[in-house]
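**Q** sequence and computational prediction follow.
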Amino acid sequence: PFLLSSGIDSAFFYGIAGVVILCLIFSLIESKLILPAHLAHTHFKPVKPGGWRDRFNQRFFGFVNGTYRNFVKACTHWRWTVFAVFCGLLLISAALVKSNYVRVIPNPKVPTD
């Protein structure tokens with residue numbers, strides 16, 4: 001959208017959009033070509049049983065395979081309810097901005113020297 005904008009600030013937005021697109025392209029190339037080559041030469045130390053990394057891994061994967069998995073299953077089972085809650089929160093947020101409970105100043109006046 002920034003790339004196709006028109007108006008007074010379009011040159012500024014065009015520059016930002018160009019930089020973001022170039023960064024995303026470079027990031028994609030790096031993640032597909034460079035990073036796997038680095039990881040292929042990395043030697044990880046084995047985790048000591050009973051060490052802090054082992055305890056962390058057990059708790060983390062226990063959370064992922066237990067609590068988080070159950071939450072995601074419930075969200076996918078009740079997907080329309082989750083979608084309705086999201087839409088409701090989005091409408092409430094828009095109403096708060098529209099009614100000036102949350103003020104939005106797109107181009108604030110900044111004092112200069």
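**A** Structure's in. What do you need?

**Q** any idea which helix or strand carries the residue nearest in space to the middle of the chain?
**A** Here the mean C-alpha position of the chain is nearest to the C-alpha of residue 24 (Cα atoms, centre = their mean), at a distance of 14.0 Å. Using DSSP states H and E, the element containing residue 24 is helix 10-29.

**Q** tell me which other helices or strands the next helix or strand after that helix touches.
**A** Past helix 10-29, heading to the C-terminal end, the next element that is a helix or strand (DSSP H and E) is helix 35-40. Helix 35-40 sits against no helix or strand, with contacts defined as 3 or more Cβ pairs under 8 Å, 6 or more residues apart in numbering; DSSP states H and E. C-beta: built from backbone N, CA, C; applies to glycine.

**Q** any idea which helix or strand comes after helix 35-40?
**A** Assignment by DSSP H and E places the next element after helix 35-40 at helix 52-63.

**Q** how far is that next one from where the chain is centred?
**A** Its chain's C-alpha centre and that of helix 52-63 lie 24 Å apart, by Cα atoms, centre = their mean, to the nearest Å.

**Q** stretch 37-47 too?
**A** Here stretch 37-47 is found 27 Å from its chain centre; the criterion is Cα atoms, centre = their mean.

**Q** over to stretch 71-91?
**A** 18 Å.
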